[in-house]
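Novice: Sharing a sequence plus its predicted fold:
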Amino acid sequence: MLNLNDLHFFAQAVECGGFAAAARRLGCPKSTVSKRVATLEATLGVQLLHRTSRSFTLTDVGRDVYDHARAVMIEAEAAETVVHRRLAEPSGTVRITASVPIAQFQLADRLPILARQYPKLRIQLHVTDRFIDLVQEGFDIAIRSHFMALPDSDLVQRRMSEEPITLVAAPSYIAERGEPPTPEALSDHDGLMTSATMKLWRLGDASGRIVEVAPRPQLYADESLSLIKAAEMGLGIVCLPDMISAQAVREGRLVRVLPAWTAGSVMTTILTPHKRGQLPAVRAVIDFLMQGKASSSIAAL
């Protein structure tokens with residue numbers, strides 16, 4: 001089989017009108033060009049060039065071979081252009097898996113912006129609280145929230161955000177029941193709880209003081225949007241990550257309660273398999289989501 005590099009050297013020699021000029025263009029010794037062309041002639045079993053000290057001309061078969069060699073070079077350049085274009089403008093399908101709260105409060109408003117920014121990109125978002133094996137199930141990105149550091153694995157991890165878990169309530173609730181002056185006072189308030197097994201809120205302040213308080217359970221729900229809506233309607237105080245309550249607080253539908261106290265924090269991490277994380281389309285999605293982290297931090301200042 002022909003060595004395509006030999007065709008490349010031959011085409012350059014013809015276009016430059018000699019081995020010396022081709023060597024200067026290619027940045028290699030003249031002898032390299034000469035040997036490559038000689039190898040090509042030996043492989044084909046024909047003479048491609050008439051070479052003397054004063055002339056450098058193609059044989060009849062050499063002219064035909066040059067036409068094909070040039071066509072090969074054009075196709076190679078076209079292939080390189082396609083790759084560069086894809087690198088410059090991400091395209092293709094990126095499959096993302098995320099939990100329900102992340103999809104609702106971190107992705108729902110942002111993925112349409114991503115789709116408009118990269119019209120050749122196709123996003124497939126799979127929303128589930130079930131554990132997903134990225135490699136086995138063919139996902140490019142997983143976005144997971146967690147309270148402790150994730151265990152070491154073969155996946156690449158990039159921290160997307162870390163949010164405090166805060167107390168919020170509707171202005172109408174505070175107007176009716178009053179604002180608790182201390183964490184201990186929460187025992188006289190109605191609480192919206194994330195599960196029937198949750199009895200206490202464990203709160204801490206900047207000094208490191210920890211207080212466990214037991215509000216009066218008014219509603220149990222293991223879905224964040226239901227808790228937010230219940231809080232907005234004045235049903236009680238809810239304890240949730242900032243990413244879930246932030247918009248309602250900005251719009252005045254909820255207010256912070258005991259702002260000096262938090263119930264710890266929740267981290268959100270982007271996970272990718274090594275090979276897929278190197279794809280241009282996947283990198284573009286990750287970079288976009290990480291930019292959103294920076295924008296959120298600026299907005300919070």
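Specialist: Sure thing, it's come through. Residues are numbered from 1 along each chain as shown.
Novice: Pull the contacting residues for V127.
Specialist: If you count contacts by CB atoms under 8 Å, 6 or more residues apart in numbering, V127 has them with 97-100, 103. From N, CA and C alone the C-beta is placed, and that goes for glycine too.
Novice: Show me what counts as buried in whichever strand or helix holds G62.
Specialist: G62 is part of helix 60-88 when elements are defined by DSSP states H and E. Across helix 60-88, burial judged by 16 or more other CB atoms under 10 Å covers 62, 65-66, 69, 73.
Novice: In terms of secondary structure, what does that helix contact?
Specialist: On a contact count with 3 or more CB pairs under 8 Å, 6 or more residues apart in numbering; DSSP states H and E, helix 60-88 meets helix 4-16.
Novice: packing partners for the helix or strand just after the helix it packs on?
Specialist: For helix 4-16, the following helix or strand on the C-terminal side (DSSP H and E) is helix 19-26. If you count contacts as 3+ CB pairs under 8 Å, 6+ apart, helix 19-26 packs onto helix 4-16, helix 30-44.
Novice: Could you dump the buried residues of helix 60-88 into CSV and include pLDDT and distance to Q117?
Specialist: Below are those laid out as CSV (pLDDT from 0 to 100; distance: CB to CB, whole Å):
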residue, pLDDT, distance to Q117
G62, 89, 51
V65, 91, 47
Y66, 90, 45
A69, 88, 41
M73, 84, 35
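Novice: avg pLDDT for stretch 169-185?
Specialist: Per-residue pLDDT over stretch 169-185 has a mean of 96.
Novice: Under a three-state scheme, what state does the closest residue to F288 other than its chain neighbours occupy?
Specialist: Nearest-residue entry for F288: L114, 5.1 Å, with adjacent residues in sequence omitted and distances by CB to CB, 6 or more residues apart in numbering. Following DSSP: H, G, I helix; E, B strand; the rest coil, L114 is assigned to helix.
Novice: quick revisit: any idea which of the helices and strands packed on helix 19-26 gets closest to R144?
Specialist: helix 4-16 (46.0 Å; CB to CB).
Novice: and the angle for that closest one with helix 19-26?
Specialist: Taking axes from the mean of the first three to the mean of the last three CA atoms, to 10 degrees, helix 4-16 and helix 19-26 form an angle of 110 degrees between their directions.
Novice: If we go by neighbour counts, what in helix 4-16 is buried?
Specialist: 6-14, 16.
Novice: Return the distance of that helix from the chain's centre.
Specialist: Mean-position distance between helix 4-16 and its chain equals 42 Å (CA atoms, centre = their mean, to the nearest Å).
Novice: Ok, stretch 15-24 next?
Specialist: With CA atoms, centre = their mean, you get 47 Å for stretch 15-24.
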